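Undergrad: Just the structure for this:
(chains A, B, C and D)
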2 protein chains.
Amino acid sequence: MNHRDAILAAAAGIFAQHGFRGSTTRRIADAAGVNEITIFRQFGSKEALIREAMLHLTRSASFAILPDTPANPERELTEWSESFIQHLRLRSSIIRKTMSEIEERPEMCEFAGEVPRRASNDLCLYLTALKRQGMATEAFEPKTAAAMLMGSIFADAMGRDMMPDVFPQPQTKAAHKYTQLLLQALGVENGSRKATSKQTKRSKQLSA
Amino acid sequence: MNHRDAILAAAAGIFAQHGFRGSTTRRIADAAGVNEITIFRQFGSKEALIREAMLHLTRSASFAILPDTPANPERELTEWSESFIQHLRLRSSIIRKTMSEIEERPEMCEFAGEVPRRASNDLCLYLTALKRQGMATEAFEPKTAAAMLMGSIFADAMGRDMMPDVFPQPQTKAAHKYTQLLLQALGVENGSRKATSKQTKRSKQLSA
DNA sequence: TGTGTAAGTAAGTGACTACTTGCATTCTTG
DNA sequence: CAAGAATGCAAGTAGTCACTTACTTACACA
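TA: You can find the predicted model right below:
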């Protein structure tokens, strides 16, 4: 592994654990198995290193894509939700640390916000298409619905470690449950779900 | 204002701005208009002071109570959601900082989590009552529904400053919109909302 | 073989950190 | 007024922090 990449990876890990102030150049250098000086020669300053590490991370972020034209909303949205919640869970520490830096280092949050912004945009477009195609029998604002699904997923990914009893069990089905409940709000039916049969819905939800 | 209280208030404010590591006793003392030494004589250590300040804050937390037996779900839930989102918004900085301390100071998060835990419990009980009374025509898990509403509100309160374009406008109606959409998912009707008339719902939502 | 580049070692700088000590001052209260 | 408590001031301690300087080593490549 390249020295530069080792330092970037170590910086990301230390930052996720200790935040900006707690990420001493000493700690990062030790974690990267590199002399502290090398950091300053490669990146100039601690601030530049952390910025670079964050940039490197956001560029490598990606999750499931939603089709332009919805075909099977429950399956497509569930897939997206699950990849999104997994993405957030894997990065929950670093996201928490980054969010707590808004007051002191707003520029760092600025481009870190690109990922959820793009996710929100994708989801909004999908929900709008859903509406336009008449697949939703209820009235709704796409932005509100998108914010709800993303918010539920975000809160779950951030908070479940701290308060597991507050979130639906099991963890692995949570994203699916949020998605189902949202589709229920929009009045969206699909092949595996008969709207007129509440019994079907109930038994499916409980067995899931 | 008592010196002790001034220090506690200053500590909370500085912590909200700078986090634990950034909350130097110097800064807190200056903000409180007090000599740095006084802090150590009153609280013993920085750690004890911050703990005391957080405890003081969580004890003073309170928001709207939900009735044991639902009468007007939309009004009651909206009121609760609005008081909850306001509570979170006023404390968004300190919540972000506290959440980012989970790895390094888990005991601090432990009792800070009491507030949302209680909120979740209240909301779950209310939704269960709603279900038991046959006021919801759709099947749902109270815990999932509660997590969704709280999650939406939480994400809005934490993230709107950073990415205003992701959340429904205007800010003042967001909690109401999340509540409405959730009730739509549960199939809950009330006096001011006719389920069979989508036009009524839409016009109400847009004018609200 | 010589040169340039990345890396390491050792030592140190100045600023900041939590926290202490000793003594003088002010405030409270009996 | 007197006693005791709370507070302030000045100075200092031991440690950590980001970052620098000066010098050495290892290696790639012409």
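
Undergrad: mind checking how far A:Gly19 is from A:Ile95?
TA: 12 Å (CB to CB, to the nearest Å). Any C-beta I mention is one placed from the backbone N, CA and C, and that applies to glycine too.

Undergrad: Ok, A:Ile7 next?
TA: Distance from A:Ile7 to A:Ile95, counting by CB to CB: 21 Å.

Undergrad: Contacts only, for the most far-flung residue of chain A relative to its centre.
TA: Distance from the C-alpha centroid of chain A, by CA atoms, centre = their mean, peaks at A:Ile37 (34.9 Å). Under the criterion of CB atoms under 8 Å, 6 or more residues apart in numbering or on different chains, A:Ile37 has no neighbours.

Undergrad: any idea which element the residue most central in space within chain A lies in?
TA: Taking CA atoms, centre = their mean as the criterion, A:Leu88 is the residue nearest the geometric centre of chain A, at 3.4 Å. Secondary-structure element containing A:Leu88, defined by DSSP states H and E: helix A:73-90.

Undergrad: helices and strands around that helix, which ones?
TA: helix A:114-132, helix A:142-159, helix A:171-186 (3 or more CB pairs under 8 Å, 6 or more residues apart in numbering or on different chains; DSSP states H and E).

Undergrad: what about 10 Å?
TA: Contacts defined by 3 or more CB pairs under 10 Å, 6 or more residues apart in numbering or on different chains; DSSP states H and E place helix A:73-90 against helix A:92-99, helix A:114-132, helix A:142-159, helix A:171-186.

Undergrad: tilt between the third one and helix A:171-186?
TA: Okay, so that is helix A:142-159. On the basis of axes from the mean of the first three to the mean of the last three CA atoms, to 10 degrees, helix A:142-159 is oriented at 160 degrees to helix A:171-186.

Undergrad: C-alpha coordinates for helix A:142-159, PDB please?
TA: The C-alpha trace of helix A:142-159 is given here as PDB (Å, rounded to 0.1, in the frame of the first residue of the first chain):
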ATOM      1  CA  PRO A 142     -42.500  14.100  -3.200                       C
ATOM      2  CA  LYS A 143     -40.000  16.200  -1.100                       C
ATOM      3  CA  THR A 144     -41.900  15.500   2.100                       C
ATOM      4  CA  ALA A 145     -42.100  11.800   1.400                       C
ATOM      5  CA  ALA A 146     -38.400  11.700   0.400                       C
ATOM      6  CA  ALA A 147     -37.400  13.600   3.600                       C
ATOM      7  CA  MET A 148     -39.400  11.100   5.600                       C
ATOM      8  CA  LEU A 149     -37.900   8.000   4.200                       C
ATOM      9  CA  MET A 150     -34.400   9.400   4.300                       C
ATOM     10  CA  GLY A 151     -34.900  10.800   7.700                       C
ATOM     11  CA  SER A 152     -36.100   7.500   9.100                       C
ATOM     12  CA  ILE A 153     -33.200   5.700   7.600                       C
ATOM     13  CA  PHE A 154     -30.700   8.300   8.700                       C
ATOM     14  CA  ALA A 155     -32.000   8.400  12.300                       C
ATOM     15  CA  ASP A 156     -31.900   4.600  12.400                       C
ATOM     16  CA  ALA A 157     -28.300   4.400  11.200                       C
ATOM     17  CA  MET A 158     -27.200   7.100  13.600                       C
ATOM     18  CA  GLY A 159     -29.200   6.200  16.700                       C
END
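
Undergrad: Residues of chain A that sit close to DNA strand D?
TA: Residues of chain A lying near DNA strand D by CB under 7 Å from any atom of the strand: A:Ser23, A:Thr24, A:Thr25, A:Arg26, A:Glu36, A:Ile37, A:Phe40, A:Ser45, A:Lys46, A:Glu47.

Undergrad: Could you dump these into TSV and include secondary structure?
TA: Output for those, formatted as TSV (DSSP: H, G, I helix; E, B strand; the rest coil):
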residue	secondary structure
A:Ser23	coil
A:Thr24	coil
A:Thr25	helix
A:Arg26	helix
A:Glu36	helix
A:Ile37	helix
A:Phe40	helix
A:Ser45	coil
A:Lys46	helix
A:Glu47	helix
